[in-house]
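S.K.: Okay, predicted coordinates and the sequence, questions at the end:
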Amino acid sequence: MRFACNDFTEGYFKLNNWLFFTPNAYDHERGGVTAHKFDVTMVSESPACGLNLHDLNYTMNKWKMLNNLYLDTQALGTMIARIQHYMGEKKHKTYIPDIAMQFKARRNVSGACLLNITLGFHNDRWVSCITSRASELTCRWPMDLIFVNVLLKTISEALDIEFEDIQVIWHMVSTYQSITSMPYFLVFAGKENWFDTTDPKDMTEWQLYTYKRYMKCYRGDHYSNYGVQRRPMEAYRMLKGQMERKQLVYTEDLSVGVVNDIDSTLEADYDEVDLLCLDPKTVLELAKQANEDDSWGKGGYR
């Protein structure tokens with residue numbers, strides 16, 4: 001499946017809405033727990049993103065965790081140095097080959113979700129391609145969208161190119177919606193009245209599961225001790241003004257950074273860890289160091 005959108009925000013809502021409301025859209029459903037769509041590609045005309053961490057009840061701890069799990073600063077410096085090499089040659093004014101950076105591997109059973117990113121210049125515009133292994137679309141994918149948004153903004157500032165004009169082609173090998181956060185997505189998307197206006201007899205199997213979970217957890221208070229369920233339930237109450245937000249974390253205020261190396265995947269463990277932000281000057285220093293160390297070699301104009 002391939003779909004187009006103007007930016008990351010539109011892509012997030014467009015894909016989730018299409019899957020939920022289109023008959024027979026899913027490739028696989030797992031017993032009222034998850035609904036899957038495989039081989040999905042989003043073509044976004046811009047990496048602009050109006051989603052924020054607090055929209056999904058995440059705090060700065062999540063941001064530190066994303067940077068620690070994904071970002072290899074030496075690889076980032078090498079990527080920028082390679083692009084600078086081509087930008088400095090006249091014959092590459094109209095074409096710069098796609099330069100790739102691998103995200104850090106994750107030591108768990110299934111592995112990291114984000115795999116790699118490329119950036120190149122062709123057909124009169126900058127194009128970035130993202131590959132991810134798996135994406136839980138309603139709650140966790142927006143965190144990856146935010147991370148890539150800030151990362152591309154950082155790279156753009158270092159290269160002095162226009163960030164919002166970058167086309168992003170994002171290929172997801174496996175996507176899925178989770179029953180824990182599917183009801184919250186519909187509320188967040190402004191479709192809460194669907195629960196009251198749709199006859200359960202007319203619902204698909206996945207829609208009926210979603211309806212029942214909404215009634216139990218959002219109008220009720222079931223499963224509130226279950227952490228994965230509690231997060232979207234709290235996000236719902238925050239959105240309704242029934243609960244204060246823990247933090248306001250706006251995407252436009254975020255910077256990629258370095259976290260002291262901790263061997264953890266638990267968000268709570270990042271509470272006391274500082275994030276050393278990488279400003280454009282520091283990023284350029286990383287690229288300069290990569291060039292001086294000859295860590296990427298020369299040649300190979302493919």
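M.R.: On my side now, so go ahead.

S.K.: Poorly predicted segments of the protein, please.
M.R.: Scanning the chain for pLDDT under 70 picks out the ranges 92, 106-110, 258-277, 294-302.

S.K.: how about the helices in it?
M.R.: 8-21, 60-70, 73-87, 141-159, 182-188, 194-197, 205-217, 227-239, 280-292 (DSSP state H).

S.K.: I'd like those helices as a markdown table, with mean neighbour count and distance to residue 117 appended.
M.R.: For every residue, glycine as well, the C-beta is placed using N, CA and C. Below are those laid out as a markdown table (neighbours: other Cβ atoms under 10 Å; distance: least, Cβ to Cβ, whole Å):
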| stretch | mean neighbour count | distance to residue 117 |
| --- | --- | --- |
| helix 8-21 | 20 | 14 |
| helix 60-70 | 22 | 10 |
| helix 73-87 | 20 | 8 |
| helix 141-159 | 23 | 7 |
| helix 182-188 | 24 | 26 |
| helix 194-197 | 12 | 36 |
| helix 205-217 | 18 | 32 |
| helix 227-239 | 18 | 27 |
| helix 280-292 | 16 | 15 |
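
S.K.: wait, which of these is closest to residue 42?
M.R.: helix 8-21 (4.9 Å; Cβ to Cβ).

S.K.: CA atoms only for that closest one, dumped as CSV, please.
M.R.: Extracted as CSV, the C-alpha positions of helix 8-21 are listed here (Å, rounded to 0.1, in the frame of the first residue of the first chain):
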residue,chain,number,x,y,z
PHE,A,8,3.6,14.0,8.8
THR,A,9,0.5,15.2,10.7
GLU,A,10,-1.8,14.6,7.7
GLY,A,11,-0.1,11.2,7.1
TYR,A,12,-0.7,10.1,10.7
PHE,A,13,-4.4,10.8,10.6
LYS,A,14,-4.9,9.7,7.0
LEU,A,15,-3.4,6.3,7.4
ASN,A,16,-5.1,5.5,10.7
ASN,A,17,-8.5,6.7,9.5
TRP,A,18,-8.3,4.8,6.2
LEU,A,19,-7.4,1.5,7.9
PHE,A,20,-10.2,1.8,10.5
PHE,A,21,-13.0,3.0,8.3
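
S.K.: tell me the angle of that helix relative to helix 205-217?
M.R.: If you take axes from the mean of the first three to the mean of the last three Cα atoms, to 10 degrees, helix 8-21 sits at 110 degrees to helix 205-217.

S.K.: circling back to that earlier point, using TSV, lay out the helices of the chain together with distance to residue 113.
M.R.: Shown next, in TSV, are those (distance: least, Cβ to Cβ, whole Å):
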stretch	distance to residue 113
helix 8-21	15
helix 60-70	9
helix 73-87	17
helix 141-159	7
helix 182-188	18
helix 194-197	29
helix 205-217	22
helix 227-239	16
helix 280-292	24
